[in-house]
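Undergrad: Sequence and predicted model, in that order:
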2 protein chains.
Amino acid sequence: MELSQMNKEQLLCFKGENEADYSKFKAQGLSLDMSRGKPSSDQLDLSMDMLKVFDDGNCTSETGFDCRNYGLLDGIPEAKKLFAPMIGVNTDEIIIFGNSSLSAMYWSVQTAYTHGVLGSKPWCKYDKVKFLCPVPGYDRHFKVTEFFGIEMINVPMTPTGPDMDMVERLVAEDETVKGIWCVPQYSNPDGISYSDETVKRFAALKPKAKDFRIFWDNAYCVHHLTDNPKYILNILDEAKKVGNENIVYMFGSTSKITFPGAGVAFMGGSKENMDALKKFLGTSIISYDKMNQLRHVKYFGTYENILEHMKKHTALLVPKFNAVTDMLEAEIAPLGIGSWIKPEGGYFVSFNSLPGCAKRIVQLCKEAGVVLTGAGATFPYGKDPEDKNIRISPSYPTVEELKKAMELFVICVKLASAEKLLAEA
Amino acid sequence: MELSQMNKEQLLCFKGENEADYSKFKAQGLSLDMSRGKPSSDQLDLSMDMLKVFDDGNCTSETGFDCRNYGLLDGIPEAKKLFAPMIGVNTDEIIIFGNSSLSAMYWSVQTAYTHGVLGSKPWCKYDKVKFLCPVPGYDRHFKVTEFFGIEMINVPMTPTGPDMDMVERLVAEDETVKGIWCVPQYSNPDGISYSDETVKRFAALKPKAKDFRIFWDNAYCVHHLTDNPKYILNILDEAKKVGNENIVYMFGSTSKITFPGAGVAFMGGSKENMDALKKFLGTSIISYDKMNQLRHVKYFGTYENILEHMKKHTALLVPKFNAVTDMLEAEIAPLGIGSWIKPEGGYFVSFNSLPGCAKRIVQLCKEAGVVLTGAGATFPYGKDPEDKNIRISPSYPTVEELKKAMELFVICVKLASAEKLLAEA
């Protein structure tokens, strides 16, 4: 029976049962952190042999360059070759950064803010600059734009990607709309992959602002949870077809391939965009850690080997994602008090409760020892207008811990939903 | 006989002899790059065992944190302990960055530019912001301030550090003077170490601008060329004594201790300064490469071991610096056509030719196959008002190559000097 169809007595009874279950959980003294999309130790162990690649004492790039020393601002050639196919660019369309794609995104927003884009007026010289933010989305994206005082406009996600009618309208009519944050494959947190039509419409955008850029964070481009993954269209290829190749900045990293603390990040885009950014880059650094670039190259060799490596991650992650969605399917679906998409990749399950319940659910979980990403975090300024989205990160705990945490989670969802319906009754 | 005392005929004869020597050199087809302060392969080989420290499979910080994963924004505790004594701060007064102290400097200028310092008005909101630049100095410092449109004011170096009368006067009278670039120990390029009085006067500065900061780049703090090195005073300690501890940002790195491409950089200062900067930092990165931090910690263990390690660098570098200064002493000193300081540490010999000769000398060297740092590079905007300073970087070539290069260099100095004196005669 769906919860919304219960009368007050039934709801009170339902609430009482769940309060009892909740008290039992509280007594167990759980302590679990599910707040961030961190790989588990098992996943990190997959790449331990990468730490041995310099046993041969050879630190030389294929061009004879000593990777221990200064130089090669935009990365070693073989790292460009290895990572270019991951984000779908040519080797002259990629810059290899340090260990953080977030840093590369921050830096590309920062340089646009202080110095403009391809010679345009710096964004800081405008009274107001705006970014479009598909919601729910990634909190750290929103923090970057908030940091630079950029006004964020929510754009709803649909099963095929952001609402493109709204995106096209807003970029066409407002010159102060300078960018949009996108996680096109296995979006954070929904796990939605943009449809071919969505990618084509992005590639063909005709913004009023010539310095508008799509910040295409392809963080999960090879992070599948199925055996037959679907890849999104290559936006740069599509943009080239319509003479619009400067529209997009693309980002990727090995953070969730090798080590989040010690991976390699990269940025791609048209040669004109990358050449202009390289000129800025030389002001802030002499070169990134080429030894770590070479470490990845020596370990993987080819892009195909990266894909093989990712299958091991998939094998470790699938049971965890199943633990989450199975529990939701069994306990929440029949009650009609929540919705979610079973993701085919990425790092999250995005749960939508009844409106007005997310904060309460997160609070209840926390008081019983399970820390979730803060409710609201998936929206700009931390404000979920309907207070219903919760990002579940299944990767870090063990399957057993996760099952325990999900038992608690569904109790909290039931409790919060009953409270809400009773308050409205 | 000094060149200035020669008559025209003597000068013409002297010039002719050197032209002949120069032609012989040109015919040799040399190809040597002495443009940057890069360590040699021998120096890099000293740290190769650092690449083996994870053979034990242990990637865990002393607090039990897995360094392969996300987290610990400001660095692992043991890296703070290892590097804090190098720049002279406590462990709660240091942030561990990535592989580049230049990046940390860029970022600290950038955040001041876009967000101010400890809540002050952002520098970008001023019509004009100025930095003091002791000259000659480090070109990459000047590039950072130039990038943000900051006006640079030359301050002459003296044998005890920058002209402190001028520094004190300028910071006291002008609120738009927001910073000064300093390399206090073995300055780049002069190799001058600031005297105790200079450090004390810096520590006690009373700038009109409350958001004025000293950018104290202690790049060569353990990079001695003598057995009994003199250390400069600790500016933060001195500043604390006079209640002025927020005046300074300190920087250091292992770029010239382990690997320039894969070292660890850090920044220190008052707890108030560092706490404020950490809040900014979380916007741009989740964490730096903690595996590389741990790699350095496992390899060195203690600060004392770093000092021992540096003695091996000293042993490799001293013959190279001697090759430079011996040649200058033998060939240039008697002619009175140049001056320099024999450095006790650091990476450079700063050569001052007769006024108006530096560009010509660099050009002559280049045409004969030896690339030096561009003349003017040691001054803001690349403009040496007297066109006399040339930065010589002895570290990268072998002693034999260096001797050859210096043979050419002194011929070029002689030739350019003779040309100049003849033109004036």
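TA: Sure, I can see it.

Undergrad: Helix or strand: which one has A:K240?
TA: Per DSSP states H and E: A:K240 is located in helix A:235-241.

Undergrad: Close to chain B: what parts of the stretch 201-350 of chain A are there?
TA: A:255, A:259-262, A:280, A:282-292 (C-beta under 8 Å from any C-beta of the partner chain). Where C-beta positions appear, they are placed from N, C-alpha and C, glycine not excepted.

Undergrad: again, 6 Å this time
TA: Within the stretch 201-350 of chain A, the residues that sit near chain B (C-beta under 6 Å from any C-beta of the partner chain) are A:F259, A:P260, A:G261, A:A262, A:T283, A:S284, A:I285, A:S287, A:D289, A:K290, A:M291.

Undergrad: Greatest separation within those: which pair is it?
TA: Taking C-beta to C-beta as the measure, these span a maximum distance of 28.4 Å, between A:F259 and A:T283.

Undergrad: Between these two, which is the more surrounded one?
TA: When A:F259 and A:T283 are compared for neighbours, A:F259 comes out ahead with 30 against 20, by other C-beta atoms under 10 Å in any protein chain shown.

Undergrad: Hmm, B:R68 and the more buried one touching each other?
TA: Yes - taking C-beta atoms under 6 Å as the definition, A:F259 is a contact partner of B:R68 at 4.2 Å.

Undergrad: The longest helix seen in chain A: which residues count as buried?
TA: When chain A is parsed with DSSP state H, its longest helix is helix A:303-331. Neighbour-count burial for helix A:303-331, counted by 16 or more other C-beta atoms under 10 Å in any protein chain shown, picks out A:306, A:309-310, A:313-314, A:316-317, A:320-325, A:327-328, A:331.

Undergrad: the bottom helix or strand of chain A by mean pLDDT?
TA: Within chain A, judged by mean pLDDT, DSSP states H and E, the helix or strand with the poorest mean is strand A:32-34; its value is a mean of 87.

Undergrad: Would that one count as contacting chain B?
TA: No - figure legend: strand A:32-34 not in contact with chain B (C-beta under 6 Å from any C-beta); closest approach 10.5 Å.

Undergrad: quick one, longest strand in chain A?
TA: Identified as the longest strand of chain A according to DSSP state E is strand A:151-158.

Undergrad: Please name every helix or strand in contact with it.
TA: Under the contact definition 3 or more C-beta pairs under 6 Å, 6 or more residues apart in numbering or on different chains; DSSP states H and E, strand A:151-158 sits against strand A:130-135.

Undergrad: what are the ranges of the helices in the stretch 101-250 of chain A?
TA: In the stretch 101-250 of chain A, the helices defined using DSSP state H, counting those that start in this stretch lie at A:101-115, A:139-147, A:164-173, A:196-203, A:235-241.

Undergrad: For the most centrally placed residue in chain A, grab phi and psi.
TA: In chain A, the residue lying closest to the centroid (C-alpha atoms, centre = their mean) is A:N188, at 3.9 Å. Torsion angles at A:N188 (phi, psi; degrees, to the nearest 10) stand at phi -90, psi 120.

Undergrad: What are the phi and psi values at the closest residue in space to it that isn't next to it in sequence?
TA: In this structure, A:N188 finds its nearest non-sequential neighbour in A:Y138, 4.3 Å apart by C-beta to C-beta, 6 or more residues apart in numbering or on different chains. For A:Y138, the backbone dihedrals are phi -90, psi 120 (criterion: degrees, to the nearest 10).

Undergrad: contact partners of the least confident helix or strand of chain A?
TA: A:V370, A:V371, A:L372, A:S393, A:P397, A:E401, A:A405 (C-beta atoms under 6 Å, 6 or more residues apart in numbering or on different chains).

Undergrad: show me where pLDDT drops low in chain A?
TA: Residue ranges of chain A with pLDDT under 70: none are present.

Undergrad: tell me the most buried of the helices of the stretch 101-250 of chain A?
TA: Mean neighbour counts were taken over the helices of the stretch 101-250 of chain A using mean count of other C-beta atoms under 10 Å in any protein chain shown, and the top value, a mean of 24, falls to helix A:101-115.

Undergrad: Pull that one out as PDB, backbone CA atoms only.
TA: C-alpha atoms of helix A:101-115 as PDB (Å, rounded to 0.1, in the frame of the first residue of the first chain):
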ATOM      1  CA  SER A 101      40.600  18.000 -12.700                       C
ATOM      2  CA  LEU A 102      38.700  20.300 -10.200                       C
ATOM      3  CA  SER A 103      41.900  22.400 -10.100                       C
ATOM      4  CA  ALA A 104      41.900  22.600 -13.900                       C
ATOM      5  CA  MET A 105      38.200  23.700 -13.900                       C
ATOM      6  CA  TYR A 106      38.900  26.200 -11.100                       C
ATOM      7  CA  TRP A 107      41.800  27.600 -13.100                       C
ATOM      8  CA  SER A 108      39.900  27.800 -16.400                       C
ATOM      9  CA  VAL A 109      37.100  29.700 -14.700                       C
ATOM     10  CA  GLN A 110      39.600  31.900 -12.800                       C
ATOM     11  CA  THR A 111      41.500  32.900 -16.000                       C
ATOM     12  CA  ALA A 112      38.200  33.700 -17.700                       C
ATOM     13  CA  TYR A 113      37.300  35.700 -14.700                       C
ATOM     14  CA  THR A 114      40.500  37.700 -14.600                       C
ATOM     15  CA  HIS A 115      41.600  37.600 -18.200                       C
END
